[in-house]
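Visitor: Got a sequence here, can you model it:
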Amino acid sequence: MSGPVLVGVDGSATSMAAVEAAAREADRLGVELQLTHAFDWSATRVPPGVAPWDPGGARVHDVTNSALTEAERRARSAAPGLSVTRTVLMGEPVAVLETESRRASLTVVGSRPPSRSAGRRRGSLAVRLAAHGRSPVLIVRGRPDPAGPVVLVGDHGRAGRAAAEFAFAEASARGTDLVVLKGWDTRTGKSRNGFADTLSALRKSYPDIVVRRPRVRGGVRRAVVEAGARAQLVVVGMNGRVGRTGASPTRFSRAALRHADCPVAVIRAQGEAP
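Guide: Residues are numbered from 1 along each chain as shown. Predicted structure coming up:
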């Protein structure tokens, strides 16, 4: 991957946390960090006498510039020497980031931490981008355990293999263990989709990584919640091509997106985006 790490910036505390995580990822990958602010408004709300391309005048420019300046400061503090660019684009944030993600190595966004009462609407931008984006997506949220492992959730075909590759690389870069929560065929009791072969090959490529493979017991949600409470990062795959309705989440990815109380990386297999 040679494209930049893309991160959405809106000036909020969650977006600044995303910027710091994105800077570390860009430094690990050896690529540029792209700070992107999406400026969205309805032409019907532009006051009389104000140019339609600048509804807030100098105030909007100052606020946007201040947010991007602080984001760049945070990025350089997290990864000194990193190459950083800024972009301000007009449009709805998900649409802007989806378009920009087509050339990105990774797209990073902030999200609110899980909540029992939040329901399906929680973290809508992050979840929608995970379904519709054109690159792997890192959703920064929750309370990651800096001493915890990287957790790989599920095994689902090509997306599962791509997620496994990402998880091994992250565990190696972070110097931590990898915990694999796998799906099992209830009829045979064996791992599906040849996932064991994928893990075996990756363990040879990453001999420094300690891999732990506990059985999933008590349901997917419980397993994800318990693992995420002690993890630095949860990694899941997303099935299917990007279309009008987006990629199809598996039960594992749905559980991670809704319940994991730490950052979640959503990985789609190469070639599954148009």
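
Visitor: okay, CA-based contacts and neighbour counts for the rest of this
Guide: Noted.

Visitor: For Leu257, pull up the helix or strand it's in.
Guide: Secondary structure assignment for Leu257, by DSSP states H and E: helix 251-259.

Visitor: for the chain, what spans make up the helices?
Guide: With DSSP state H, the ranges of helices along the chain come out as 13-29, 57-78, 93-100, 124-132, 157-174, 195-205, 220-228, 251-259.

Visitor: So which bits of the helix holding Leu257 are buried?
Guide: Within helix 251-259, the residues scored as buried using 16 or more other CA atoms under 10 Å are Phe252, Ser253, Arg254, Ala255, Ala256, Leu257, Arg258, His259.

Visitor: With stretch 66-85 instead?
Guide: Under the neighbour-count criterion of 16+ other CA under 10 Å, stretch 66-85 has Ala67, Leu68, Ala71, Glu72, Arg74, Ala75, Arg76, Ala78, Ala79, Leu82, Ser83, Val84 buried.

Visitor: so can I have JSON lines of the residues you listed showing distance to Ala231?
Guide: What follows is these, written out as JSON lines (distance: CA to CA, whole Å):
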{"residue": "Ala67", "distance to Ala231": "30"}
{"residue": "Leu68", "distance to Ala231": "30"}
{"residue": "Ala71", "distance to Ala231": "26"}
{"residue": "Glu72", "distance to Ala231": "27"}
{"residue": "Arg74", "distance to Ala231": "24"}
{"residue": "Ala75", "distance to Ala231": "23"}
{"residue": "Arg76", "distance to Ala231": "25"}
{"residue": "Ala78", "distance to Ala231": "20"}
{"residue": "Ala79", "distance to Ala231": "22"}
{"residue": "Leu82", "distance to Ala231": "27"}
{"residue": "Ser83", "distance to Ala231": "29"}
{"residue": "Val84", "distance to Ala231": "29"}
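
Visitor: possible to save the residues you listed as CSV with distance to Ser2 and pLDDT?
Guide: Supplementary listing: the buried residues of stretch 66-85 in CSV, determined by distance: CA to CA, whole Å; pLDDT from 0 to 100:
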residue, distance to Ser2, pLDDT
Ala67, 26, 90
Leu68, 23, 93
Ala71, 22, 96
Glu72, 21, 96
Arg74, 23, 97
Ala75, 19, 97
Arg76, 20, 96
Ala78, 20, 96
Ala79, 18, 96
Leu82, 15, 95
Ser83, 13, 96
Val84, 14, 97
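
Visitor: so who does the residue lying closest to Asp10 once chain neighbours are set aside touch?
Guide: Taking CA to CA, 6 or more residues apart in numbering as the measure, Asp10 lies nearest to His37, with 6.1 Å between them; neighbours along the chain are not counted. For His37, the residues meeting the contact criterion (CA atoms under 8 Å, 6 or more residues apart in numbering) are Gly8, Val9, Asp10, Thr64, Leu68, Thr87, Val88, Leu89.

Visitor: go on, Glu70?
Guide: Residues near Glu70 by CA under 8 Å, 6+ apart: none.

Visitor: and the residue nearest the centre of the chain, how far is that from Ser101?
Guide: Centroid-nearest residue in the chain, with CA atoms, centre = their mean: Leu138, separated by 1.3 Å. Plainly put, Leu138 is 12 Å away from Ser101 if you go by CA to CA, to the nearest Å.

Visitor: shared neighbours of the two, anything?
Guide: Residues touching both Leu138 and Ser101 (CA under 8 Å, 6+ apart) are Thr107.

Visitor: Can you tell me how far His259 is from Arg221?
Guide: Distance of His259 to Arg221, given as CA to CA: 7 Å.

Visitor: Give me the average confidence score over stretch 211-229.
Guide: pLDDT averaged over stretch 211-229 equals 81, rounded to a whole number.

Visitor: List the buried residues of it.
Guide: The neighbour-count criterion (16+ other CA under 10 Å) identifies Val211, Val216, Val220, Arg221, Ala223, Val224, Val225, Ala227, Gly228, Ala229 as the buried residues of stretch 211-229.

Visitor: now the fourth one, nearest residue through space, not along the chain?
Guide: Nearest non-adjacent residue to Arg221, counting by CA to CA, 6+ apart: Ala255, 5.4 Å away.
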